[in-house]
Structure formats: structure tokens, C-alpha cells
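>>> Mind folding the following:
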Amino acid sequence: MDSVGNIGSRKRVAGNHYSAEEQALDQIAKEAESRLVARRLARAEAREIRMRELEKQQKEMEENSDRQFSAEINIEINPKLPVSRTVSTGVPLAGNNRTVLGSTGSFQSSRRGSEDSADDISGQSMTLRDLRQELKELEEKFRKAMVQNAQSDNEKASLMYQVELLKDKIEDMDEACALLQKEHKDKHRECEDSKREMMRIQQELNYSRYVLEERDRMIQEHGLVIVGDDEDSDEITTTTVSKTPRKVIVSTDVASLLEKAGDGSLDLRIRRLTEEKNELCDQLRRVKLDLEEERTKSMYRDRPLSGLTPGLPNGPVGDLSDYQKEAVAKQVNDYKIKLQKADQEIATLQATVARLETQVTRFRLTAETLEKSEDELKAEKRKLQRELRETQTKMEELETSHNHLQRRLDKLKTAKSALLKEI
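Predicted coordinates:
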């Protein structure tokens with residue numbers, strides 16, 4: 001379940017990371033698009049203004065060319081008018097024969113002049129038509145050249161716009177690449193810090209393992225035994241607060257006594273030993289009381305016999321008293337032996353109980369400290385494992401982001417090289 005949760009958290013972390021990166025890239029792309037749209041509009045306005053100016057200049061040039069053409073035609077036609085006037089004025093001068101002869105001569109000369117003028121006019125009209133044709137061709141060529149110039153200007157403007165757009169894209173990509181490289185450096189630094197922290201925690205873990213091995217070795221050298229609670233006993237679940245069974249380091253004698261005490265927890269075994277001690281003490285007390293009673297009874301028995309037969313010799317009464325004395329003495333000796341044994345057992349039990357109590361208190365303290373250290377080590381181990389998993393997830397994320405950045409950088413390089421080739 002922990003692994004599934006870790007995988008889910010890893011996916012969430014990776015998803016959050018990619019969503020933040022995509023949002024940042026979308027924001028940068030939107031800003032770049034807005035700037036490009038503004039530049040495009042400004043360039044379109046400038047292009048329209050330039051086209052208007054070109055059209056205006058073209059119209060002015062056409063008007064100027066028309067004016068020049070009309071002026072040249074007028075200049076070419078007006079010098080021929082005096083010739084026609086002289087030719088036409090030569091006709092009314094006929095008054096006599098001379099005038100007739102002159103008129104015939106003048107008529108012939110006028111015919112020649114008219115023929116010459118007609119030839120001149122036809123030649124001039126041909127030259128004018130040729131000039132007009134050439135002018136039209138030149139105007140057509142000029143219009144085509146102007147159209148081509150306008151098209152080339154438009155193409156140049158579009159290419160310049162594309163160049164500016166690509167430059168903006170390259171700048172944005174360079175900024176994004178620099179930002180991603182900075183993030184990569186930060187992530188790499190965090191990864192290095194995590195590695196150092198993991199190495200430090202690994203050293204602490206190795207030291208803790210060494211301490212535990214030394215403890216086990218010292219326990220084996222001193223012939224001690226680790227005694228713990230029974231995990232399968234029902235009393236542990238009801239009496240103990242912690243789920244982990246407690247363990248105590250004791251000697252082999254104490255371990256044998258605890259084994260003789262039966263199954264169960266350490267508290268239950270010690271309670272049984274104390275109950276047995278109390279029972280033995282009660283038995284010893286009762287034995288002492290019985291002994292005192294027997295002593296008092298024997299004293300009371302001896303007194304009446306000695307008072308009734310003060311001066312009599314030995315007889316049946318004396319024999320009876322001797323027999324009773326022997327029985328009482330025998331019983332007293334038995335009780336004394338039992339009392340000595342009970343005293344010895346009580347002393348040994350008291351010493352054992354005292355030693356066990358001191359050992360139990362000491363072992364409880366050591367067990368508590370060991371449990372605390374073990375819990376701390378377990379918590380530290382869990383923390384280290386969690387940090388290791390987080391570090392691994394970070395490493396995977398960094399690798400994926402690095403690969404993504406590398407691919408983007410390669411794309412940028414290819415686009416930049418292609419753009420430079422086109423330029």
C-alpha cells in the first residue's frame with residue numbers, strides 16, 4: 001500500500017511539475033504572440049501607408065508624363081503652321097499673266113510643298129505613333145516595374161517580419177532555455193544535497209548497526225539472555241500499551257526462573273514470583289507460629305509431670321515423660337530443620353527476588369532506552385527510505401525534464417540553423 005501511495009504521490013508531483021511548466025510556457029507563448037500581433041499590425045499599417053505613397057507617386061508620375069507628352073506634341077505641331085499659311089497665301093496673289101505664270105509656278109511649287117509637307121506630316125505622324133507606342137510600352141514596363149517593386153517590397157517586408165518573428169521566437173526560446181537551465185541547476189543542487197544527506201543518514205544507520213552488534217556481542221560474552229514478552233499471549237494485548245513486545249537482558253539463572261514462572265509477559269512472571277515469595281513467607285510465618293505453639297505445649301506438659309512426681313524414681317510416668325520428651329525433641333528438631341531449610345529458601349528467594357528486582361529495574365531502563373533507540377532508528381530508517389524515494393522521484397523528474405529540455409534545445413538549434421541558412 002505504501003508503494004502504491006508513493007507511486008500516486010510521485011505521479012501527482014510529476015503532474016504538478018509538468019502543469020506548472022506548461023503554464024509558464026503558455027504564458028510566455030501568449031506574451032510573445034501578443035507582441036508579434038502588435039508588430040504585425042504596425043507593419044501592416046506602415047505597408048498600407050507605403051503603398052498609398054507609391055500609388056500617389058505613380059499617379060503623379062503618370063500625370064507628369066501625360067503633361068510632358070501633350071506639351072511635346074503641341075511643340076512639334078505648332079512650328080508647321082507658318083508653312084501652311086505661306087502655301088495658302090500664295091494662291092490669291094494671281095493678277096496678270098505673270099501672276100498666272102507665277103500662280104502656275106507657285107501652284108506647282110505649292111503642290112510640291114504640299115506633297116513634301118504631307119510626307120513630313122506622315123513621317124511626323126509615324127514618329128508620333130512610334131513615340132506613343134514606345135511611351136505606352138515604357139509606361140507598361142514602368143507599371144510592371146512598379147508592381148514588381150511593390151511586390152518585392154511586400155515580400156521583403158514579409159520576410160523581414162518573418163525574420164523578426166523568428167528572432168523573437170529565438171529570444172523567447174533562449175530565455176526559456178536559460179530558465180530551464182537555471183531550474184536544472186537548482187534541481188541538480190537539491191539532488192546533490194539530498195545525496196549528501198542520504199550519505200550522512202547511511203553513516204548514522206551503519207553506526208547504529210555497529211552499536212547493536214556490539215550490544216549483542218557483549219550479551220553473548222557475559223552469558224546473558226534476552227527475555228521478552230510472548231507475542232501470542234492474550235494478556236499482552238490487554239495489559240501492554242505498545243504493540244511491540246518488551247525485551248529484557250537477564251542472566252541464565254534469572255531466565256530459568258522466569259521460564260519456571262510460566263508463560264506470559266515479564267510483568268506477569270514477576271508478579272507470579274512475588275506471589276510465590278509472599279506465599280513462602282506466609283508459610284514460614286505459620287511454621288514459626290506452629291513451632292512456638294509446640295514449644296509452649298511441651299513446656300506446659302513438662303511442668304505438671306515434674307510437679308506431680310517430684311521425688312519418685314523412674315517409673316511408667318517417668319518413662320512416659322521421657323518418651324514424650326524424645327518425641328517432642330524429635331519433632332522440634334524436625335521443625336528446626338524445616339525452619340532452617342525454609343529460612344535458607346526464604347533467604348535465597350529474597351536474595352533472588354531482590355536481585356531480580358534490581359535486574360528488572362535495570363533491564364527495564366535499558367529496555368526502555370533500547371526501545372527508544374530502536375524506535376528512533378526505525379523512524380530514522382523510515383525517514384531515510386522516504387527521503388530516498390523522494391530523491392529517486394526527484395531524480396526521475398530531473399532526468400525527464402533534462403531530456404525534455406535537451407529535445408527542445410535540439411529543436412531550437414535546428415530551427416536556428418535553418419533560419420540562418422534561409423537568411
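>>> how near is V332 to R295?
Spatial separation of V332 from R295 under the definition Cβ to Cβ, to the nearest Å is 7 Å. C-beta here means a position set from N, CA and C on the backbone, and glycine is covered the same way.
>>> What are the neighbouring residues in contact with M173?
For M173, the contacting residues are 408, 412, 415, taking Cβ atoms under 8 Å, 6 or more residues apart in numbering as the criterion.
>>> How confident was the prediction at it?
Among the per-residue scores, M173 holds a pLDDT of 83.
>>> The contacts of M173 into TSV, with extra columns for distance to S152?
Output for those, formatted as TSV (distance: Cβ to Cβ, whole Å):
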residue	distance to S152
R408	36
L412	31
A415	26
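>>> Now list the buried members of those residues.
Members of those that pass the buried threshold by neighbour count (16 or more other Cβ atoms under 10 Å) are listed as L412.
>>> Which strands or helices does the helix or strand containing L370 pack on?
L370 is part of helix 316-422, with elements assigned from DSSP states H and E. Using 3 or more Cβ pairs under 8 Å, 6 or more residues apart in numbering; DSSP states H and E as the contact test, the elements touching helix 316-422 are helix 2-77, helix 97-221, strand 247-251, helix 252-260, helix 266-308.
>>> if you compare the ones you listed, which one is most tucked away?
For the helices and strands packed on helix 316-422, ranked by mean neighbour count under the definition mean count of other Cβ atoms under 10 Å, the leader is strand 247-251 at a mean of 19.
>>> mind showing which ranges of this structure have poor pLDDT?
Low-confidence segments of the chain, defined by pLDDT under 70, are located at 1-19, 21, 72-126, 227-253, 255, 257, 260-264, 299-325, 423.
>>> domains in it, as residue ranges please.
Using automatic domain parsing, the domain parsing of the chain gives 19-91+98-195, 224-307+315-397.
>>> In contact with the nearest residue to L388 once chain neighbours are set aside, which residues are there?
Counting by Cβ to Cβ, 6 or more residues apart in numbering, M198 is the residue found nearest to L388 once chain neighbours are left out, at 6.2 Å. The contact partners of M198, taken as Cβ under 8 Å, 6+ apart, are 384, 387-388, 391.
>>> can I get these in TSV with distance to E164?
As requested, the contacts of M198 are arranged in TSV below (distance: Cβ to Cβ, whole Å):
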residue	distance to E164
L384	55
E387	49
L388	50
T391	45
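>>> Out of these, which is nearest to R47?
Checking the contacts of M198 against R47 by Cβ to Cβ gives T391 as the nearest, at 57.2 Å.
>>> So that closest one is in contact with K195, correct?
Yes: assessed by Cβ atoms under 8 Å, T391 is found in contact with K195 at 7.2 Å.
>>> And the closest residue to A157 other than its chain neighbours, how far from E276?
Nearest residue to A157, sequence neighbours excluded (Cβ to Cβ, 6+ apart): R47, at 5.7 Å. When distance is defined by Cβ to Cβ, R47 is 111 Å away from E276.
>>> Check R355 too.
15 Å.
>>> next one: E294
As for E294, its distance to E276 is 26 Å (criterion: Cβ to Cβ).
>>> likewise K341?
Between K341 and E276 the computed distance is 16 Å (Cβ to Cβ).
>>> Please apply the same query to E345.
11 Å.
>>> now A327
Using Cβ to Cβ, we find A327 at a distance of 33 Å from E276.
>>> repeat for R39
Per Cβ to Cβ, R39 is found 100 Å from E276.
>>> returning to what we had before: including neighbour count and distance to E55, could the contacts of M198 go into a markdown table?
Formatted as a markdown table, the contacts of M198 follow (neighbours: other Cβ atoms under 10 Å; distance: Cβ to Cβ, whole Å):
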| residue | neighbour count | distance to E55 |
| --- | --- | --- |
| L384 | 17 | 79 |
| E387 | 14 | 74 |
| L388 | 15 | 75 |
| T391 | 17 | 70 |
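>>> just those residues now: which is nearest S70?
For those, the minimum distance to S70 (Cβ to Cβ) is 91.3 Å, reached by T391.
>>> From T274, how far off is Q283?
Relative to T274, and taking Cβ to Cβ, Q283 is found at 15 Å.
>>> need the helices and strands packed on helix 316-422 in a markdown table with distance to E374, can you?
Putting the helices and strands packed on helix 316-422 into a markdown table (distance: least, Cβ to Cβ, whole Å) gives the following:
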| stretch | distance to E374 |
| --- | --- |
| helix 2-77 | 20 |
| helix 97-221 | 9 |
| strand 247-251 | 10 |
| helix 252-260 | 21 |
| helix 266-308 | 17 |
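>>> Out of the ones you listed, the one nearest L365 is which?
strand 247-251 (10.0 Å).
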